[in-house]
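S.K.: model this:
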Amino acid sequence: MDTGAKHLVELKARYEDLGKARALLSGATSLGTFVQSDTYFSLGERRLKLRSTDGVKEGQLVYYERPDASGVKESQVLLATVSDGAAVREMLTRVFPVQAEVRKTREVYRFQGVQVHLDTVAGLGKFLEFEKILTDDSEREEGRKTLEALRRYFQIPEEDLMASSYSDLVESG
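M.R.: Down below sits the predicted model:
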């Protein structure tokens, strides 16, 4: 798993037809399918979650800053792999209130230099997410254009673009 600081552009949308998405991803590299549980902690404007993957002892602590805006948006992400996800989750739940628990099955692909996630989220439905890591600020505009081109390629209408995190939907749902 990637660790450290990442600067990326991303886009998330409702996308009920994952079969169509798989067909459009023909030629992409499949990186696997994972059943993940994300525990989001309540920290005001800041976002912290612990991700655990079924069958894996390690967890991933993820801190991120991202505007709640639909369409392509920039994120600053800090990732740390923790050797015992369950123990870290236990500690964090004693310190911080849990905002939401999100369980999903995530198919991960590499397509045109972008990581593509096909997510089936318990209680919420199906989603498509694009993430492109920027190595420096000069790639910002190109990254944005790449994701906009993918949005058109996958025929994602404006109204299906998502501004918020799965945790916000679970919390409000």
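
S.K.: does Q99 touch L169 like I think?
M.R.: No - contact criterion Cβ atoms under 8 Å: Q99 and L169 do not qualify, at 11.7 Å. No exception for glycine: its C-beta is placed from N, CA and C like everyone else's.

S.K.: where does this protein have its least confident helix or strand?
M.R.: helix 166-172 (a mean of 77; mean pLDDT, DSSP states H and E).

S.K.: show me what that helix is packed against.
M.R.: Contact here means 3 or more Cβ pairs under 8 Å, 6 or more residues apart in numbering; DSSP states H and E; on that basis helix 166-172 packs against strand 29-43, strand 98-111.

S.K.: quick one: which of those is nearest M91?
M.R.: strand 29-43 (11.1 Å; Cβ to Cβ).

S.K.: ok and the closest one relative to strand 98-111, angle-wise?
M.R.: Angle between the axes of strand 29-43 and strand 98-111 is 160 degrees (criterion: axes from the mean of the first three to the mean of the last three Cα atoms, to 10 degrees).

S.K.: what's downstream of strand 29-43, the next helix or strand?
M.R.: Downstream of strand 29-43, the next assigned helix or strand under DSSP states H and E is strand 46-53.

S.K.: what mean pLDDT does the next helix or strand after that following strand get?
M.R.: Downstream of strand 46-53, the next assigned helix or strand under DSSP H and E is strand 59-65. The pLDDT scores in strand 59-65 average 92.

S.K.: tell me the helices and strands packed up against the helix ranked longest in the chain.
M.R.: Longest helix in the chain by number of residues (criterion: DSSP state H): helix 140-153. The contact analysis (3+ Cβ pairs under 8 Å, 6+ apart) places helix 140-153 against strand 4-14, strand 114-121, strand 125-134.

S.K.: chain center to that helix, what's the gap?
M.R.: Distance of helix 140-153 from the chain centroid (Cα atoms, centre = their mean, to the nearest Å) equals 17 Å.

S.K.: please find the angle between the direction vectors of that helix and strand 98-111.
M.R.: 80 degrees.

S.K.: pull the residues that contact helix 140-153.
M.R.: Contact with helix 140-153 is made by 8-11, 13, 24, 72, 74, 111-114, 116, 130, 132, 134, 161, as judged by Cβ atoms under 8 Å, 6 or more residues apart in numbering.

S.K.: tell me the contacts of V56?
M.R.: V56 sits in contact with G85, where contact means Cβ under 8 Å, 6+ apart.
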